[in-house]
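Enquirer: I'll drop the sequence and a predicted model, then ask my questions.
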Amino acid sequence: MAIRASRRHARWLVALATLALVLAACADDADEVDDTAADDTEEADDEVEVDDDPDEDDAEPAGDPVRIGVITSTSGLLASYGEDYLEGLEVGLDYATDGTGAVDGHPIEFDIVDDAGEPDQAISAGVDLVGEGVNILAGTTSSGVAVQMASFAEENQVLYISGPAATDAITGANDYTFRSGRQTWQDVVAASALVDDLDGQTVVALVQDSEFGAANVAAVSAVLGEEMGAEVTPIEVPLSATEFTPFAQQVRDADPELVFVAWAGDTTGAMWETMEAQDILDDFTVTTGLAEQATWPLYGPAGPEIQFLNHYYGDAPDNEVNDVLVEGVGGTADIFHADGFVAAQMIVRAIGEAGPDDVDGMISALEGWTFDAPKGTQTIRASDHAMLQPMFLASMENMDDDPENIEVTLLDTLEPEATAPPEAE
């Protein structure tokens, strides 16, 4: 893989089709010489052109590269998510193109821009890329960014494939917007499978004060509140917070039957330390998503006390596509590697079916598509572009300071239909 740099941002050329030129070799003598003319040709050597590989003469030149704008977080709170996504994207492209990195002879070129989780920065990058003729944008990790990018895609009539951003608002946003990851509704429905009857009980949604947090509160209210009869109390924590004791006290004061935690980024460890220190995990039932592997030691003694829902971890699925992903990222596939891998599959599908300049055709190619992904069989629902996919339930044991020594056990796989969100209107 070649990498190209520009003054504005790093550009990764995921694969370049190469055209080899075979140089002619010189032969000193002809293979056969007429005896009667031997004296006349003894001191003159005939130059004979030799083709080492005749097939190379018929090679077609590569088509023009297809540029994909990848706007994601490589710095800031969600940088690790963006890194996982990009690694999965590379492996997925290699898989989807059978190692060529090209679709119909057109090399796929990723122009990667860091949005640092800031909507204005992402939109500015989008303006530049679209102005340069890019028709496909992908990669968003931040839910707040994803909502803005969805509107931008519709305004500019370009294909947009959101990445790890979990906000439900992406589903059904417009015809131009898709997602390669899961959405919050699917997280919450998975969590509901871990708890008993909540009718009339209090559920605390401990979240960050962000688009991601708001989406979780909305989903908890809809699934555990409206559908299961719980009384949902949101506790929203500012993204800038570093001291979490006051919020743990709010949890205790609510005296909930269940605490649903939705958290992302670098403050994860400090939040769980506080929850443990304030005995929240001992006194209440707590459920949350199993985050990236680097955070597993941060759960500490709380790990076995938490009931985990899971979007993806490398040991959960058992299929050949997942084997490719796990091997491709070096043996440890993390929570958002699959999102990047699936994005590459979607990009290749769209271009291969419609060509890179036919946005409407690419949209049609993705709508209703069922395919084998690392998580298992997935379907892009045609009506609203929801990504129907398996979800996982897991437990954590064998706590250790080294995440590779922590044992996570798969409890159950929820089929795509079991966690399908309601169709967006």
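Expert: Yes, it's here. Residues are numbered from 1 along each chain as shown.
Enquirer: use CA for all of it now, contacts and neighbours both
Expert: OK.
Enquirer: Contacts for the helix or strand harbouring G361 next, please.
Expert: Using DSSP states H and E, G361 maps to helix 359-366. The contact list for helix 359-366 (C-alpha atoms under 8 Å, 6 or more residues apart in numbering) reads 135, 157-159, 175-176, 346, 349-351, 353-356, 380, 382.
Enquirer: Which of the three states applies to the one residue sitting closest to the centre of the chain?
Expert: In the chain, the C-alpha nearest the mean C-alpha coordinate belongs to D339, at 2.1 Å (C-alpha atoms, centre = their mean). At D339 the chain is in helix, as set by DSSP: H, G, I helix; E, B strand; the rest coil.
Enquirer: check contacts around it.
Expert: Contacts of D339 (C-alpha under 8 Å, 6+ apart): Y85, G88, L89, G163, P164, S180, G181.
Enquirer: Now neighbour count, pLDDT and distance to A102 too, for these, in TSV please.
Expert: Below are the contacts of D339 laid out as TSV (neighbours: other C-alpha atoms under 10 Å; pLDDT from 0 to 100; distance: C-alpha to C-alpha, whole Å):
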residue	neighbour count	pLDDT	distance to A102
Y85	29	98	20
G88	27	98	17
L89	26	98	14
G163	30	97	21
P164	28	95	24
S180	27	98	20
G181	26	97	23
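Enquirer: domain parsing for this protein?
Expert: Taking automatic domain parsing as the criterion, the chain consists of the domains 66-182+317-388, 186-310+391-419.
Enquirer: Helix, strand, or coil at L206?
Expert: Strictly by three-state DSSP, L206 counts as strand.
Enquirer: Helices along the protein, start to end?
Expert: For the chain, applying DSSP state H gives helices covering 38-41, 79-96, 119-131, 143-156, 184-192, 211-220, 245-254, 268-277, 280-283, 320-328, 337-354, 359-366.
Enquirer: Buried ones in the last one, by neighbour count?
Expert: In this case it means helix 359-366. Buried residues in helix 359-366, defined by neighbour count with 16 or more other C-alpha atoms under 10 Å: V359, M362, I363, A365, L366.
Enquirer: Equivalent analysis for stretch 121-130, please.
Expert: Those would be A122, I123, A125, G126, L129, V130, for stretch 121-130 by 16+ other C-alpha under 10 Å.
Enquirer: Just the residues contacting it, thanks.
Expert: Counting by C-alpha under 8 Å, 6+ apart, G69, I71, T72, V113, D114, D115, L137, V145, Q148, M149, F152, N156 sit against stretch 121-130.
Enquirer: just stretch 322-336 next, same as before
Expert: So stretch 322-336 is in contact with 81, 84-85, 87-88, 91-92, 95, 164, 181, 291-293, 311-314, 337-338, 341, 373-375, going by C-alpha under 8 Å, 6+ apart.
Enquirer: try 6 Å this time
Expert: Stretch 322-336 is touched from outside by D84, Y85, V91, E292, Y312, Y313, G314, P374, with contacts defined as C-alpha atoms under 6 Å, 6 or more residues apart in numbering.
Enquirer: from these, which two are the most distant?
Expert: Distance extremes for these: the farthest pair is V91 and E292 at 18.5 Å, using C-alpha to C-alpha.
Enquirer: one step back: which one of the helices of the chain lies nearest to I406?
Expert: Set against I406 and scored by C-alpha to C-alpha, the helices of the chain come closest in helix 268-277, at 15.8 Å.
Enquirer: Buried residues in the closest one, which are they?
Expert: Quick answer for helix 268-277 (16+ other C-alpha under 10 Å): G269, M271, W272, E273, T274, M275, E276.
Enquirer: Would you mind measuring from the last one to L309?
Expert: In this structure, E276 lies at 19 Å from L309, with C-alpha to C-alpha, to the nearest Å as the measure.
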